[in-house]
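> task: produce atomic coordinates for the following.
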Amino acid sequence: MKPLIITNNPLVYDKFSAEEEVLFDAGASQLDILMKARDRIHLGARLVIHPMMGRIKPHETPYKSVFMEVPEERELQNGGAASDFMSIQIIEDSIHETQKFLDNTFMLKYSDDLLPDLQFIDYILIKNGMEEYR
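Next up is the predicted model:
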């Protein structure tokens, strides 16, 4: 297994892409990022950090980063890895909670002055989780 970050946060991409595999999609919503992670989990990936860490609610930031382990190419060629039940349960719950918040909460319009701070919060959360993983 090898580490993978899935993110819509340009700061996370800038800080980690030189040394880690990063799947970056600037136009993706938080829900899109979680669904990309779910698709990988169904192919044998495993969550390393809970995607809802930090208790930042979906309507409080536009950014989401997920840190996971994905099967290496040779593992995929040999039939892949078995799906991790706990990761499936966590990602499905996270998608459900995110959708619930987005459907039932007033969405904020973020000023350009606030976006760097929100990017930094997401970056610090993923960085701290990665440090614990290592």
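
> now the helices for the protein?
With helices called from DSSP state H, the chain shows them at 10-16, 30-41, 73-77, 85-104, 115-133.

> contacting residues for Gln30?
The contact partners of Gln30, by C-beta atoms under 8 Å, 6 or more residues apart in numbering, come to 8, 58, 61-64, 98, 102. Using the backbone N, CA and C atoms, a C-beta is placed for each residue, glycine as well.

> repeat the analysis, applying 10 Å as the threshold.
Going by C-beta atoms under 10 Å, 6 or more residues apart in numbering, Gln30 touches 8, 51, 56, 58-59, 61-66, 94-95, 98-99, 101-102, 122.

> pull the contacting residues for the closest residue to it other than its chain neighbours.
Closest residue in space to Gln30, ignoring its immediate chain neighbours: Lys64 at 3.9 Å, by C-beta to C-beta, 6 or more residues apart in numbering. Applying C-beta under 10 Å, 6+ apart, we find Lys64 in contact with 6-9, 12, 28-34, 36-37, 51-52, 56, 58, 94, 98, 122, 126.

> same question, Phe85
So Phe85 contacts Ile41 (C-beta under 10 Å, 6+ apart).

> any idea how far it lies from Glu20?
Distance of Phe85 to Glu20, given as C-beta to C-beta, to the nearest Å: 26 Å.

> can you tell me who the closest residue to Ala37 other than its chain neighbours pairs with across the strands?
Excluding its sequence neighbours, the residue lying closest to Ala37 (C-beta to C-beta, 6+ apart) is Val66, at 4.3 Å. Beta-bridge partners recorded for Val66 (DSSP bridges): Ile6.

> counting neighbours, what do you get for Val66?
Neighbours of Val66 under the rule other C-beta atoms under 10 Å: 29.

> distance of it relative to Leu114?
Relative to Leu114, and taking C-beta to C-beta, Val66 is found at 22 Å.

> ok, Pro58 next?
Distance from Pro58 to Leu114, by C-beta to C-beta: 16 Å.
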